[in-house]
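In: Build the 3D model from these lines:
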Amino acid sequence: MVAYCEISAFTGTPGAGNRAGVVLDAGGLSEGQMQALAAFLGVPETVFVTRWGDGTARVRYFTPTQEIDFCGHATVALGLRLAQEGRWAGEALVLETLVGRVPLRLAQDAAGECRVWMTQRAPQTRPVGREKRRELAAALGIDERMIHRGLPLACASTGLWSVFVPVIDRLVLDGMEPDLHELHRLSDALGVSSVYAYAPVGVGRFAARDFAPAVGIPEDPVTGSAGGALFALLAGEGALPLRAGRASGVVYQGHSLGTPGEVEVEVVMAGERVGEVRVGGRAVLEREGEWAPA
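Out: Residues are numbered from 1 along each chain as shown. A predicted model of the protein is given here:
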């Protein structure tokens, strides 16, 4: 039997945020068995620890339909579970993933509440052609005039590629009725995993929705990897206020699905370019169980 748990990340409230499966002892599982367990759990992503080392852990991430290179909310969920199980007390820990090494940090606030922080890989960006802007707006079910002209529309990645589509306000965001088939086609054409729509709601604060039919997820509740890539994109474009070479803020996501969560992000600049992207948040245990491999 294989022990697993489900943890909601980027929230401290059970039933909110984004749920991830966590399997701490997956070294004896085949790729097919990991995929089968991810499909059995049916949560957006499941993370498997396949090997432990000195201050390192080798991990793999699966959606219910396929393996993906990286997942932010599952990484936060994993960090919490490791702390709960007494396997991690906040010492240096690096995850070895398909996108490279991801350092983790455990922080505790004055109220004793834990947050797991990850340092994401260096950001990459790609432009999006004008004709794709029109297609993206149509696929999201909005008029092209609802796209925010003062914020960047581009592809970006700190682990997984998304195309980021800014809209003028949260009302437009909440009212979207996307064509998932068309979003899947556009994701494939742009070489991205998801279409991430976002709207400003304050200084350094954004609301977002993330549609990922290309990887089997119609709408991801709360997306840590994309939240980091969004802030990296904004900071690189000079669209965030800086203080002592840093920009920080929050992405609010999941409200449209009834599972609100908060992704905390900090960007450290290295001169005119983005140096480090750090993403953090809370997490809460939902349930535990065992699964019998076929």
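In: need the contact list for residue 165.
Out: 136-137, 140, 147, 153, 195-198 (Cβ atoms under 8 Å, 6 or more residues apart in numbering). For the C-beta atoms, the positions are set from N, CA and C on the backbone; glycine is no exception.
In: Okay, and the closest residue in space to it that isn't next to it in sequence sits in which element?
Out: Of all residues not flanking residue 165 in the chain, residue 197 sits nearest, at 4.8 Å (Cβ to Cβ, 6 or more residues apart in numbering). Per DSSP states H and E: residue 197 is located in strand 194-202.
In: Give me the distance from the helix or strand following that strand to the chain's centre.
Out: Proceeding N to C from strand 194-202, the next assigned helix or strand is strand 205-212, under DSSP H and E. Here strand 205-212 is found 10 Å from its chain centre; the criterion is Cα atoms, centre = their mean, to the nearest Å.
In: what residues are up against residue 245?
Out: 268-269.
In: Could you do residue 2 as well?
Out: 23, 25-26, 29, 37, 290-293.
In: Beta-bridge partners for it, please?
Out: Beta-bridge partners for residue 2, by DSSP bridges, are residue 291.
In: returning to that earlier point: which one of the contacts of residue 2 has the most neighbours?
Out: With neighbours defined as other Cβ atoms under 10 Å, the most crowded of these is residue 23; it has 25 neighbours.
In: What confidence value was assigned to that one?
Out: At residue 23, the model reports a pLDDT of 98.
In: Ramachandran angles for it?
Out: Residue 23 adopts backbone torsions of phi -120, psi 110, taken as degrees, to the nearest 10.
In: pretty sure it contacts residue 1?
Out: No. The pair residue 23 / residue 1 is not scored as a contact, 11.6 Å apart, by Cβ atoms under 8 Å.
In: Just the mean pLDDT for the strand holding residue 197, thanks.
Out: Here the average pLDDT along strand 194-202 is 98.
In: Could I get the CA-only coordinates of it as CSV?
Out: Extracted in CSV, the C-alpha atoms of strand 194-202 (Å, rounded to 0.1, in the frame of the first residue of the first chain):
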residue,chain,number,x,y,z
SER,A,194,-2.0,27.6,-19.7
VAL,A,195,-3.8,30.8,-20.5
TYR,A,196,-3.6,33.1,-17.5
ALA,A,197,-5.9,36.1,-17.3
TYR,A,198,-5.2,38.7,-14.7
ALA,A,199,-6.6,42.1,-13.5
PRO,A,200,-5.1,44.7,-11.2
VAL,A,201,-7.0,45.1,-7.9
GLY,A,202,-4.5,47.4,-6.0
